[in-house]
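Student: With the sequence up front, the predicted model follows.
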Amino acid sequence: MPRSGALHGRHIRGFMAVAVAGILAAGCVVVPYSPPAESSSTPVRLEQADRVLVTVGPRQLLEDTSEALRRRDRDIEIVDSFAFRAAVFPEGDWRLSRLLVPERRSLLAASGADYLVVVGPVLTGAPDERGLFVGTAYGFYGAGTNTTQGSALMLIVDLARGEILDALRTRAEGTDVAVGFFYGLIIHATTESSVRRACLDSVVETLRRVHPEGRLRLVLMAAEPIGSSEYALSLITE
């Protein structure tokens, strides 16, 4: 993809900081917007589940997800992930494949949770940068765009059945636009936030289709790949 100009992804935060500092000096307006995001089910390849560990961190990701889900549905109850892990993995083997074996179902049923949600982080691809936009002590000049794609995966496990309920993939594309001739205007796409909001909306909608009323007891965990640097949940999805 073309990479002409000075509005590079690694510099956009610097331009944003310059823009904020320049509001008083030269005058710049930063306008955020949320690009549309789409979520859909994606097939799961359980033959790769041996390559995925379910984990209790990053803690901030799981805590933020917990709060966001409870804001969406007041009947959601979050089960402690450390207690869940100790109950269903007494031998300490945290591979996703071990969670799904039939022999594990009695432990899952007694875990105190109805569903496990494996939370994937939002990933952003390399930006497509065009144009030239510079911020200086004497103002903002030029015009440029920076288009970025974001995506995330979430896995939902029905613990009563010991089976995957759904795997949800969410995507969005946002474009930052910057123009200036002494005064500057930056339209900033909050792509990561759009992906995360749509992803969590889809999780609640999916759960409420199969569990339309009453309390939902969820345990939230993350995932890590074994022997790989790949996005963990991408190992088991298409």
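Tutor: That came through, no problem.
Student: For Pro35, the count of nearby residues, please.
Tutor: Neighbour count for Pro35, taken as other CB atoms under 10 Å: 18. All C-beta spots, glycine's among them, are computed from the backbone N, C-alpha and C.
Student: My error: substitute Leu155 in the last question.
Tutor: 26.
Student: Isn't it up against Val118?
Tutor: Yes. Using CB atoms under 8 Å, Leu155 makes contact with Val118 at a distance of 3.9 Å.
Student: joint contacts of these two?
Tutor: Shared contacts of Leu155 and Val118, defined by CB atoms under 8 Å, 6 or more residues apart in numbering, comprise 223, 233.
Student: Looking at the protein, which residue reaches furthest from the middle?
Tutor: Tyr138 (38.3 Å; CA atoms, centre = their mean).
Student: For that one, report the pLDDT, please.
Tutor: Predicted confidence (pLDDT) for Tyr138: 79.
Student: who's in contact with the closest residue to Ala223 other than its chain neighbours?
Tutor: The shortest distance from Ala223 to any residue other than its chain neighbours is 3.8 Å, reached at Ala232 (CB to CB, 6 or more residues apart in numbering). The contact partners of Ala232, by CB under 8 Å, 6+ apart, come to 52-53, 120, 222-225.
Student: try 7 Å this time
Tutor: Contact partners of Ala232, counting by CB atoms under 7 Å, 6 or more residues apart in numbering, are 52, 223-225.
Student: what about it, distance to Asp128?
Tutor: Separation of Ala232 from Asp128 (CB to CB, to the nearest Å): 26 Å.
Student: so where's the longest strand in this structure?
Tutor: If you go by DSSP state E, the chain has its longest strand at strand 163-189.
Student: any idea how far Cys199 is from the residue nearest in space to the middle of the chain?
Tutor: For the chain, the residue nearest the mean C-alpha position is Val122 (3.2 Å; CA atoms, centre = their mean). From Val122 over to Cys199 the distance is 8 Å, taken as CB to CB.
Student: tell me which residues in the longest strand of the chain are buried?
Tutor: By 16 or more other CB atoms under 10 Å, the buried positions in strand 163-189 come out as 164-180, 184-189.
Student: And the helices in the chain?
Tutor: Per DSSP state H, the chain carries helices over the ranges 9-25, 59-72, 81-88, 96-99, 105-109, 191-210.
Student: Highest neighbour count among the contacts of Ala232?
Tutor: Most neighbours among those, by other CB under 10 Å: Val52, with 25 neighbours.
Student: If that residue is in a bridge, with which residues?
Tutor: Pro225 (DSSP bridges).
Student: That one: what's it in contact with?
Tutor: Contacts of Val52 (CB under 7 Å, 6+ apart): 95-96, 223, 225-226, 232, 235-236.
Student: From Pro225, how far out is it?
Tutor: 6 Å.
Student: Tell me where this protein is predicted with low confidence.
Tutor: 1-26 (pLDDT under 70).
Student: can you do 80?
Tutor: 1-27, 135, 137-138, 238 (pLDDT under 80).
Student: Quickly list what's touching both of Val122 and Cys199.
Tutor: Joint contacts of Val122 and Cys199 (CB under 7 Å, 6+ apart) are Ala152.
Student: that older thread, of the contacts of Ala232, which is the nearest to Leu132?
Tutor: Pro225 (39.1 Å; CB to CB).
Student: Correct me if wrong: the closest one contacts Arg51.
Tutor: Yes. Pro225 lies in contact with Arg51 (CB atoms under 7 Å); the separation is 6.1 Å.
Student: Identify the contacts common to these two.
Tutor: Leu235.
Student: circling back to that earlier point, closest one to Val79 out of the contacts of Ala232, please.
Tutor: Ala223 (17.5 Å).
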